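Chemist: Give me the fold of what follows.
(2 chains)
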Number of protein chains: 2
Amino acid sequence: MITILRIGHRIQRDKRITTHCALISRAFGADQILIDTFDKKIEETIFSTCKRFGGSFKIKTGVKTKKIIEEWKGIIVHLTMYGEKLNHAIKKIDKKKDILIIVGAEKVPGYIYEKADFNISIGNQPHSEVAALAIFLDRITEGKWIDKKFNGKLEIIPSNKGKKVITNE
Amino acid sequence: MITILRIGHRIQRDKRITTHCALISRAFGADQILIDTFDKKIEETIFSTCKRFGGSFKIKTGVKTKKIIEEWKGIIVHLTMYGEKLNHAIKKIDKKKDILIIVGAEKVPGYIYEKADFNISIGNQPHSEVAALAIFLDRITEGKWIDKKFNGKLEIIPSNKGKKVITNE
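Modeler: I've put the predicted structure just below:
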């Protein structure tokens, strides 16, 4: 089971970035996202996506970060540009265990670096927590997310020209 | 040479998403990003990143989308959730040619689908243009972006705990 923990979420400033993190989590094979700040709007956006496009992805906002980290039974991964190299670290992760992936906004408190079993960088250049999360999930699922079936009401049929959408009722 | 063309950029609404697209383009091995709407602020942000972290990445905003597309000599790829499957399409792209990767915001005009040699989906689920761009650049560079040297003033040393930054003068 893969859980994303989004910390430092500021409702106004981060609404789109955090929404992208949630959508990526769902599309790239994670099971749920937990967000520290209570945000009804993001919950509704993700519920709506799940309702239309399917899958059993879950979202919860207003969670207690420290409690979740303290009580986590599996592996904790923190994505940070300062972390050890992805290609090196990924081999050491036991993929059979439950994984908590922490994705920060701007400043991440020092205890996150301490509590994480792995601080992992997706390249050591500044870029985007959205991209970092996508690449990490891609690697941890060994690219299998791309063929995941969601059995939603709406289904897109891949096409080189135009838009093909099936409505399943 | 890899060029990103970001279209439909709305200064206020998309500032962070487009900035993330630009930073990803730089970090994941592209050579430049062109943005349709003139946006001095984003240019400054990316100039500043390049100045500190190195590399020869370029940014230009306020470009004429249609002209760029009409005059493009290489391959045009448009990333869209409606497109053909990544794993299938990527094999057909001649990586020796110059590639223009079009990344849209909300609504993308129909002519983009027509003019693109490849409309490619990074999974057919709704997620994020930021993630789509990162995954596409990862695949097209065959993951080599991660070892790219930028020779910047600031250099991060990968580390499993804490932050290690070297200042090269």
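
Chemist: Longest helix in chain A, by number of residues?
Modeler: helix A:11-27 (DSSP state H).

Chemist: do that helix and chain B meet?
Modeler: Yes - using C-beta under 8 Å from any C-beta of the partner chain, helix A:11-27 comes into contact with chain B via A:R13, A:R16, A:I17, A:H20, A:L23, A:I24, A:R26, A:A27. C-betas here are computed from N, CA, C, even on glycine.

Chemist: Model confidence at the first one, what's the number?
Modeler: Translated: A:R13. With respect to pLDDT, A:R13 scores 91.

Chemist: tally of neighbours for it?
Modeler: 12 (other C-beta atoms under 10 Å in any protein chain shown).

Chemist: contacting residues around it?
Modeler: Contacts for A:R13 (C-beta atoms under 8 Å, 6 or more residues apart in numbering or on different chains) come out as B:R16.

Chemist: circling back: give the buried subset of the residues of helix A:11-27 next to chain B as a PyMOL selection command.
Modeler: Of the residues of helix A:11-27 next to chain B, the buried ones go into a single PyMOL selection, burial set by 16 or more other C-beta atoms under 10 Å in any protein chain shown:
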select buried, chain A and resi 16+17+20+23+24+26+27
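
Chemist: Save the residues of helix A:11-27 next to chain B as a markdown table, and put in distance to B:D117 too.
Modeler: Converted to a markdown table, the residues of helix A:11-27 next to chain B look like this (distance: C-beta to C-beta, whole Å):
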| residue | distance to B:D117 |
| --- | --- |
| A:R13 | 37 |
| A:R16 | 30 |
| A:I17 | 31 |
| A:H20 | 27 |
| A:L23 | 27 |
| A:I24 | 26 |
| A:R26 | 30 |
| A:A27 | 25 |
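
Chemist: Which pair of the residues of helix A:11-27 next to chain B spans the longest distance?
Modeler: Greatest spatial distance among the residues of helix A:11-27 next to chain B (C-beta to C-beta): A:R13 and A:A27, at 23.3 Å.

Chemist: so which of the residues of helix A:11-27 next to chain B comes closest to B:T80?
Modeler: Closest to B:T80 out of those is A:A27 (14.1 Å), distances taken as C-beta to C-beta.

Chemist: I'd guessed that closest one sits against A:D147; true?
Modeler: No - A:A27 is beyond contact range of A:D147, at 11.9 Å (criterion: C-beta atoms under 8 Å).

Chemist: Quick check: neighbours of the helix or strand that comes right after the longest helix of chain A in the sheet, parallel or antiparallel?
Modeler: Going down the chain from helix A:11-27, the next helix or strand is strand A:32-35, by DSSP states H and E. If you go by DSSP bridges, strand A:32-35 pairs up with strand A:2-7 (parallel), strand A:58-61 (parallel).

Chemist: Any part of stretch A:36-47 near chain B?
Modeler: No - for stretch A:36-47, no contact with chain B is found by C-beta under 8 Å from any C-beta; the gap never falls below 10.1 Å.

Chemist: and what of stretch A:151-158?
Modeler: Yes - on the criterion C-beta under 8 Å from any C-beta, stretch A:151-158 is in touch with chain B at A:E155, A:I156, A:I157, A:P158.

Chemist: Drop anything exposed from those.
Modeler: Neighbour-count burial (16+ other C-beta under 10 Å) applied to the residues of stretch A:151-158 next to chain B gives A:E155, A:I156, A:P158.

Chemist: returning to that earlier point: now the angle between strand A:2-7 and the longest helix of chain A, please.
Modeler: Relative orientation of helix A:11-27 versus strand A:2-7 (axes from the mean of the first three to the mean of the last three C-alpha atoms, to 10 degrees): 170 degrees.

Chemist: Can you pull up the most central residue in chain A?
Modeler: Nearest to the geometric centre of chain A sits A:S25, at 3.5 Å (C-alpha atoms, centre = their mean).

Chemist: Could you tell me how far it is located from A:I101?
Modeler: Per C-beta to C-beta, to the nearest Å, A:S25 is found 8 Å from A:I101.

Chemist: list the residues that contact both of the two?
Modeler: By C-beta under 8 Å, 6+ apart, the residues touching both A:S25 and A:I101 are A:I2, A:I4, A:L133, A:L137.

Chemist: Helices of chain A, residue ranges please.
Modeler: Using DSSP H, helices in chain A cover A:11-27, A:40-53, A:65-71, A:86-89, A:110-115, A:129-140.
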